[in-house]
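Peer 1: how would this look folded up:
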Amino acid sequence: MKASLSSLSLAALSILSGCASALPVLDEHSEFEATLHAPYRATDPGRPDARTFTLAFDYPNAQQPQLVDWQLELIAPNGLVVRRWQGQTALAGQAVSVQVPWSDLDAGKLAAGVYQVRLRAGSRDAGSTAPSADVHEQSWQIEVGPAQTPATPRFAPLPVGRTLGAAPAPGALPYTVYLGNLHSQTNHSDGGAPLDSCKGAQEPLKAPYGPDAAFAYAHKHGLDILVTSEHNHMYDGSAGTSKEVDPSVPGALYRKGLDAAASYNAAHPDFLALYGMEWGVIDKGGHINIFNSDQLLGWEKNGKGELLADVLTPRSDYPALYTLMRERGWIGQFNHPSTSGQFAVAGQALGYTADGDEAMALCEVVNSTAFSVNDKEGETRRSNFEAACNKRLEAGFHVAFSTNQDNHCANWGTAYGNRTGVLIPNGVALGRDSFIDALKARRVFATMDKGSQLVLSANGRLMGERFSNSGPLTLVANFASTAGKQVAAVAIMEGVPGRGGVVTQLSSEATTTFTPAPGAHFYYAKVTQADGNVLWSAPVWVMQEP
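Peer 2: Got it, this is the predicted structure:
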């Protein structure tokens, strides 16, 4: 690594400060990956504010050695960059990590508060002098100065799926929380590898573990819900297109997966096994999970021109997919979204359609790395997609936040302690129908800590709702932890659907009363725990009357 501030060219910095398009990829996972681990609080009491940031870089299946141009910035609450580190790191054959220490020499020089640490990293061929063309950006909050403990209202935690025998706490909302991982793969596509040999995406349909093993594993390890979402174009056994496959084979395999989920559910009513698909491609596209389709969608054809799917859906035609999903009642999730270059409508990235707004219910805000072999919930490589999800909200999509693991190895749900919390009315059985109803209502929160909950209310209405309001609006971020975790920061975020602008922080108070400007707004709550784990509520959408 070269630590000189001049190590990045002006051209590279220009690219890093703007949007970038994805490089062509060989398969679904041959792309540059960059993650940032930023400890929320200093770990050494004798060195105020000092900590070490860890940058992790990988490029599975890269055709030649890469050079990573990276830049790390510390951003004050007022938006000013107060510290900057940058350098170059060689990347060839396997993942690498870079330690960036922040010394205690800054102690007392910066005003106390919640700061942002932002990573921008781009990858280019090692022998090239051209600027990086595949740029990733993510950011995390950290605390500078004395520990903060904002007040939060008393909130009775909702019962969790595995504790149904316990009565709801007095005054609790009439819902049960079911904790799930809504994005994973098995050997029905490019997942399902044993932990001791899982080095990346598997050859489609060749790894040993399928949906049956995944459901049993997740159930055993305490999850309430697991979705196995297989790449829709790999049912022919190829990451490309197999010209020799019988057209009946892909659909038959998809139905086998549906049957596996149904059989597991029949035998285990305390668990929801869901089998679906991850539709689309990364290159000139973007991945979408479809949770409740009983038919395989696709665009590939064999050598005889026969469709290798049940229903034809043209590749990368998101408007057509949205329309089909709305017609069929299918519900989707934007997977590991990018801030640019994906989900195009009429040539415009992140384009909005009314059909898409109806069909797309979730947006992944955090993922642990897809190829983690950690099975003790200790993975530190995590990607943050809040900025990308905010762009979808600003485009007009009514999406709630989810956090999943995209497991390709045989550690479904155990790479990290993150979960998507789904609220289902008390007395209603956990099943595919009640799950889909909850998603349609956006009764969902995303948590990096499976023992914590966050529910936003607005004038007594529950997160996910859309309503008109006259006069003051009171937003309440209701936080609960079953493990005694403490809140370090609260943020109430505000945006305008359809504006295409920037989501901003409205308040740092858990209870906030104000009168919105006339017109449409959305609001969501974000809570950071003292251990650095973050929770996101679903938004509420408010039409403020004049």
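
Peer 1: For the one residue sitting closest to the centre of the chain, give me its contacts.
Peer 2: Nearest residue to the geometric centre of the chain (C-alpha atoms, centre = their mean): E364, 2.6 Å. Counting by C-beta atoms under 8 Å, 6 or more residues apart in numbering, E364 makes contact with 183, 333-337, 385, 389, 401-404. C-beta: built from backbone N, CA, C; applies to glycine.

Peer 1: and it, what helix or strand is that in?
Peer 2: In this assignment (DSSP states H and E), E364 forms part of strand 360-368.

Peer 1: Show the average pLDDT along that strand.
Peer 2: For strand 360-368, mean pLDDT rounds to 97.

Peer 1: Next: stretch 271-280.
Peer 2: 98.

Peer 1: try stretch 221-232
Peer 2: 98.

Peer 1: Extract the C-alpha set from that stretch and format it as CSV.
Peer 2: Provided in CSV are the C-alpha atoms of stretch 221-232 (Å, rounded to 0.1, in the frame of the first residue of the first chain):
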residue,chain,number,x,y,z
HIS,A,221,-29.8,-22.1,14.1
GLY,A,222,-32.8,-20.1,15.3
LEU,A,223,-34.2,-18.4,12.2
ASP,A,224,-37.9,-18.1,11.7
ILE,A,225,-37.8,-17.6,8.0
LEU,A,226,-35.3,-18.5,5.2
VAL,A,227,-35.7,-17.6,1.6
THR,A,228,-33.6,-19.6,-0.9
SER,A,229,-33.5,-17.3,-3.9
GLU,A,230,-31.9,-19.1,-6.9
HIS,A,231,-30.5,-17.3,-9.9
ASN,A,232,-33.3,-17.7,-12.5
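
Peer 1: Enumerate the positions of that stretch that are buried.
Peer 2: 223-232 (16 or more other C-beta atoms under 10 Å).

Peer 1: Likewise for stretch 411-428?
Peer 2: By neighbour count, with 16+ other C-beta under 10 Å as the criterion, the buried positions of stretch 411-428 are 411-424.

Peer 1: Let's have those residues in TSV, adding distance to A95, secondary structure and pLDDT.
Peer 2: Listed next are these as TSV, based on distance: C-beta to C-beta, whole Å; DSSP: H, G, I helix; E, B strand; the rest coil; pLDDT from 0 to 100:
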residue	distance to A95	secondary structure	pLDDT
N411	17	coil	98
W412	21	coil	98
G413	22	coil	98
T414	20	coil	98
A415	15	coil	98
Y416	17	strand	97
G417	22	coil	97
N418	20	coil	98
R419	25	strand	98
T420	26	strand	98
G421	30	strand	98
V422	32	strand	98
L423	37	strand	98
I424	38	strand	97
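
Peer 1: one step back: can you list which of the buried residues of stretch 221-232 are found in helices?
Peer 2: The helices in this structure, assigned by DSSP state H, contain none of the buried residues of stretch 221-232.

Peer 1: can you list these in JSON lines and add distance to P211?
Peer 2: Formatted as JSON lines, these follow (distance: C-beta to C-beta, whole Å):
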{"residue": "L223", "distance to P211": "14"}
{"residue": "D224", "distance to P211": "17"}
{"residue": "I225", "distance to P211": "14"}
{"residue": "L226", "distance to P211": "9"}
{"residue": "V227", "distance to P211": "10"}
{"residue": "T228", "distance to P211": "5"}
{"residue": "S229", "distance to P211": "11"}
{"residue": "E230", "distance to P211": "9"}
{"residue": "H231", "distance to P211": "14"}
{"residue": "N232", "distance to P211": "15"}
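
Peer 1: Now for N407, how many residues are close by?
Peer 2: Residues near N407, counting by other C-beta atoms under 10 Å, number 32.
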